[in-house]
Structures are given as structure tokens and as C-alpha cells.
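Asks: got a sequence here, can you model it:
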Amino acid sequence: MAESFQEAFAVLLQRAPSPLFPRARQLYLRKYCLEGGQAGPLRTFLLEEEIAERDGGMLLTVRARRFALVHWQGPQLDPQEYRAYLQGRWDLEPEQLQPVDDTPWFRQGGAWAWFRVEAVYARDFSTS
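Replies: Okay, here's the model as predicted:
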């Protein structure tokens, strides 16, 4: 199990399809959560990302814009329940946390809320 939110974010992106394949990448990011094999009824997903390439694509930087916290195949929760999970599991206290009432998560995955926290992943392909 990843120790921190940033480590879990890095592990998720190391396994994700390349940004060269946006459809495959989006499917992956909607299906696989940061908790990995330790996922319970609440699961954290990367919802929006900003991708920057430099040096002819040799340096890739991914900056998270928003995450989703999904109550897996469950009903919408009170925002305080989402906040308690984020604090207890990831030691996060996001300023913005917004339940999404009208759209279930990918493929009827459950009710969810989005939140913002800082997370950055960088990979240098010139040393690989």
C-alpha cells in the first residue's frame, strides 16, 4: 500500500497509458483508483489533469486539477463523510469538495464528489 497521497498518485500514473492515447488513458483513470488493491467503499480517482511535455517529449509533467472520491456503488454521502475519509486515509483537507448529485461515476460506479489538492508527477524519459 502506498504511504502517501503523492506516492499513490505517482504509482497510478506510472501504470497509466501514455497521454498519446487519450481514450485509453481516460478509461484507465476512470477504472483504477489511487488505493489500488486496498480499495474499500470509498475510492479516489484522478478526474482532471494538465499534461505538459518538454524537450521533445522527453520530460512529461502531469499536474492534477481535480480528483473524484467515489462511494463505490453506493448513495451520495454527506460532505463531512468524504472529508473524514480524505483526512483519515490521505491526511488531506481540501478547501473545495463538491458532491455531484446528478451523474453517477463511470459505468454506474456510485455517487461521488470532486475535490482539489496539489499533486504533481514528472517523468524523464531521457534516462529510461
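
Asks: which of the three states applies to the nearest residue to L92 once chain neighbours are set aside?
Replies: If you skip the residues right next to it in sequence, L92 has L86 as its closest partner in space, 4.4 Å away by C-beta to C-beta, 6 or more residues apart in numbering. Every C-beta, even on glycine, is put in place using the N, C-alpha and C of the backbone. When the structure is split into helix, strand and coil by DSSP: H, G, I helix; E, B strand; the rest coil, L86 lands in helix.

Asks: for L86, list the residues it contacts.
Replies: With contact taken as C-beta atoms under 8 Å, 6 or more residues apart in numbering, L86 is in contact with 44, 69, 92-94, 97, 115.

Asks: check the gap between R25 and Q6 for me.
Replies: 20 Å (C-beta to C-beta, to the nearest Å).

Asks: the two: which is more packed in?
Replies: Set R25 next to Q6 and count neighbours by other C-beta atoms under 10 Å: R25 wins out with 18 against 15.

Asks: secondary structure element holding that one?
Replies: Under the criterion of DSSP states H and E, R25 resides in helix 22-31.

Asks: mind listing what L59 touches?
Replies: Listed by C-beta under 8 Å, 6+ apart, the contact set of L59 reads 53, 122-126.

Asks: partner residues bridging it?
Replies: According to DSSP bridges, R54, D124 are recorded as the beta-bridge partners of L59.
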